[in-house]
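# pasting the structure only:
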């Protein structure tokens, strides 16, 4: 079994309140979750209205599949969501035999 995760450091566009932040992040998380069939959540920077951290995790039997899902999620966020700017990513990949 392989477990992969990726954390995105994201700068939001023209957002002036935490309520506006939620209105940008909720559809983004739903889109990532639906299109990658993975668990996705806001995992940090909750108090700043123009920044956020989004985490995605996936479990699979094949390491190539897990890497593919992580790569696809990163491309989706960077290329298909102009309302946000991807500042950086961190990722991990672990085997159940580690």
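Now that the structure is in, tell me what you want to look at. Just so it is clear, the structure is predicted and the values come from calculations on it, not from any experiment.

# which stretches of the chain form helices?
In the chain, the helices defined using DSSP state H lie at 18-36, 63-80.

# who touches the longest one?
This means helix 18-36. 12-13, 15, 38-42, 49-50, 52, 54, 56, 58, 69, 72-73, 76-77, 81, 83-84 (C-beta atoms under 8 Å, 6 or more residues apart in numbering). Every C-beta, even on glycine, is put in place using the N, C-alpha and C of the backbone.

# buried set for it?
Using 16 or more other C-beta atoms under 10 Å as the test for burial, helix 18-36 gives 21, 24, 25, 28, 29, 32, 36.

# returning to that earlier point: please, a ChimeraX command that selects the buried ones among the contacts of helix 18-36?
In ChimeraX, this line selects whichever of these come out buried by 16+ other C-beta under 10 Å:
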select :12,15,38,40,42,49,50,52,54,56,58,69,73,77,81,84
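
# just to revisit the earlier point, mind putting the helices of the chain in JSON lines, mean pLDDT included?
Listed next are those as JSON lines, based on pLDDT from 0 to 100:
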{"stretch": "helix 18-36", "mean pLDDT": "90"}
{"stretch": "helix 63-80", "mean pLDDT": "92"}
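
# give me the pLDDT for the closest residue to residue 92 other than its chain neighbours.
Excluding its sequence neighbours, the residue lying closest to residue 92 (C-beta to C-beta, 6 or more residues apart in numbering) is residue 5, at 5.2 Å. pLDDT recorded at residue 5 is 96.
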